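**Q** Fold the following for me, if possible:
(one chain, ligands or ions: 1)
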Amino acid sequence: MSRVLVVEDDPQLVRALVINLQARQYGVDAAPDGTSALRLAAEHRPDAVLLDLGLPDMDGLDVLKGLRTWTGAPVLVISARRGSPEKIAALEAGADDYLTKPFSMDELIARLRAALRRTGPTSGTFGCRQEPAVVETGEFTVDLLAKRVRRAGRDVRLTPTEWQLLEILICNPGRLVSQRRLLGDVWGPGHSKNSNYLRVYMAQLRRKLEPDPAHPRHLITEPGMGYRFEA
Ligand code: CA
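**A** Residues are numbered from 1 along each chain as shown. So this is what the prediction gives:
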């Protein structure tokens, strides 16, 4: 389930957004001003933010700049400000999209979905933007921004699913990532029991990346629990 933070001071619009987002299985937090928006975002790590610009305590652009110091989660501005200077300022401050009020709920949901697809399911959840962009081990190098893996001077081709798994593990160096979390993030919430998927894909990743796939050094199994990346 993706979590969305709604930052908006108009209670009627908040109610309409919450009802529509929850009906589509999003988890929703709502903040009526910029201060509580920044606090809720830090506490709940939303996967996306819907942000009004005209807030009672501060300008929405400053909320956006505050968010962009630590999160790459998509931010969709929803504002009554129609001018292109406002739109450009928001996009330059790191907004991913801009909807002018009044907007149709269907269009908002479509744009939210598109923004979440672009960032992928893992970036918001795991906060990997805080990790270094390039991770090196003795055997292979992963460039998280370019989405490239190199081993012995050559590019290693990964499928999208292999890449997602590897990215989640690398974003959590040295930490156990549970099977349930990997399955939920890569395959979706209905797959939390399909640990055989993980065995298959981890075996493929090891064949591509580990010098001795039967005795992995970097992609470690924690039996019955999950997996761990060690540089
Ligand atoms: Ca407002």
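**Q** now stretch 161-177: how far from the chain's centre is it?
**A** 13 Å (CA atoms, centre = their mean, to the nearest Å).
**Q** Name the residues of it that come out as buried.
**A** E162, W163, Q164, L165, L166, E167, I168, L169, I170, C171, N172, V177 (16 or more other CB atoms under 10 Å). To be clear about C-beta, it is placed using only N, CA and C from the backbone, and glycine gets the same treatment.
**Q** Which single one of these is nearest to the ion?
**A** Within the buried residues of stretch 161-177, the smallest distance to the ion is 34.7 Å, found for C171 (CB to the ion).
**Q** what pLDDT does S2 get?
**A** The model reports S2 with a pLDDT of 91.
**Q** Find the nearest non-adjacent residue to it, please.
**A** In space, and not counting its chain neighbours, S2 is closest to D47: 4.2 Å by CB to CB, 6 or more residues apart in numbering.
**Q** and the one you found, how many neighbours does it have?
**A** 24 (other CB atoms under 10 Å).
**Q** same question, L67
**A** Neighbours of L67 using other CB under 10 Å come to 24.
**Q** Check which helix or strand it maps to.
**A** helix 60-68 (DSSP states H and E).
**Q** isn't the residue nearest to S2 right next to R113, touching?
**A** No. Taking contacts as CB atoms under 8 Å, D47 lies outside contact range of R113: 11.3 Å.
**Q** Next secondary structure after the helix or strand containing I88?
**A** Secondary structure from DSSP H and E places I88 in helix 84-92. Per DSSP H and E, the first helix or strand lying C-terminal to helix 84-92 is strand 97-100.
**Q** So is that following strand next to the ion?
**A** No. Shown here: strand 97-100 not in contact with the ion (CB under 5 Å from the ion), separated by at least 12.9 Å.
**Q** outside of that strand, which residues touch it?
**A** For strand 97-100, the external contacting residues (CB atoms under 8 Å, 6 or more residues apart in numbering) are 74, 76-82, 87, 90-91, 107-108, 111, 114-115.
**Q** Can you say which of these are buried?
**A** P74, L76, V77, I78, S79, R81, K87, A90, L108, R111, A115.
**Q** Tell me the residue of this structure that sits nearest the ion?
**A** Taking CB to the ion, the chain has G54 as its residue nearest the ion, at 3.7 Å.
**Q** my read: that residue touches V77, true?
**A** No. The pair G54 / V77 is not scored as a contact, 10.8 Å apart, by CB under 8 Å.
**Q** who touches both of these two?
**A** Common neighbours of G54 and V77, using CB under 8 Å, 6+ apart, are G60.
**Q** Show me the strands in this structure, by range?
**A** 3-7, 27-31, 48-51, 75-79, 97-100, 134-136, 140-143, 148-151, 154-156, 176-178, 219-222, 226-229 (DSSP state E).
**Q** Can you say which of those is packed in most?
**A** strand 48-51 (a mean of 26; mean count of other CB atoms under 10 Å).
**Q** All set now, cheers.
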